[in-house]
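The sequence isn't on hand, but the structure is:
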């Protein structure tokens, strides 16, 4: 199931981020920040939860702009699937969820950010 992250997901999300950026000294997942994102109507920390185990996560930011009337755009980043579940379509399902949500709020585009060094 795909849902918004909650503070009790902190450790599992941190472990996924360790897989994303294994040598980062700046990685610091905070329960308060998870709460803050959850309360913001334009920001989402989504997780793919399978019976209490978080297999993937991503961040979706809905950005307001003036060029296309009231249509916002979505930015997806920090997408990571647990290394033991990379062929289980977890990432595909997360992105499909994002696409459906963005269509439902009339986003005119969705951008996916990725580090140029990632394969």
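In hand now; what should we look at? Here the structure is a predicted model, which means the values were calculated and not measured.

how about low-confidence regions in this structure?
116-119 (pLDDT under 70).

So what's the residue count around residue 70?
Residue 70 is flanked by 10 other residues according to other C-beta atoms under 10 Å. (Glycine included, C-beta is placed from N, CA and C.)

Just give me the residue right at the centre of this protein.
In the chain, the C-alpha nearest the mean C-alpha coordinate belongs to residue 58, at 1.6 Å (C-alpha atoms, centre = their mean).

give the contact list for that one.
Contacts here follow C-beta atoms under 8 Å, 6 or more residues apart in numbering; on that basis residue 58 touches 45, 46, 76, 77, 78, 79, 80, 94, 95, 98.

Look up how far residue 87 lies from the closest residue to the first one other than its chain neighbours.
Closest residue in space to residue 45, ignoring its immediate chain neighbours: residue 5 at 4.2 Å, by C-beta to C-beta, 6 or more residues apart in numbering. For residue 5, the distance to residue 87 (C-beta to C-beta, to the nearest Å) stands at 23 Å.

what does residue 18 give?
According to C-beta to C-beta, residue 18 and residue 87 sit 20 Å apart.

More neighbours: which of the two?
More crowded of residue 18 and residue 87, by other C-beta under 10 Å: residue 18, with 14 against 8.

Just the buried subset of the contacts of residue 58, please.
The neighbour-count test (16 or more other C-beta atoms under 10 Å) marks 45, 46, 76, 78, 79, 80, 94, 95, 98 as buried among those.

In stretch 90-103, which residues are buried?
Neighbour-count burial for stretch 90-103, counted by 16+ other C-beta under 10 Å, picks out 90, 91, 93, 94, 95, 97, 98, 101, 102.

swap that for stretch 42-50, sorry
For stretch 42-50, by 16+ other C-beta under 10 Å, it's 43, 44, 45, 46, 47, 48, 49.

and the third one, bridged to which residues?
What it means is residue 45. Beta-bridge partners for residue 45, by DSSP bridges, are residue 59.
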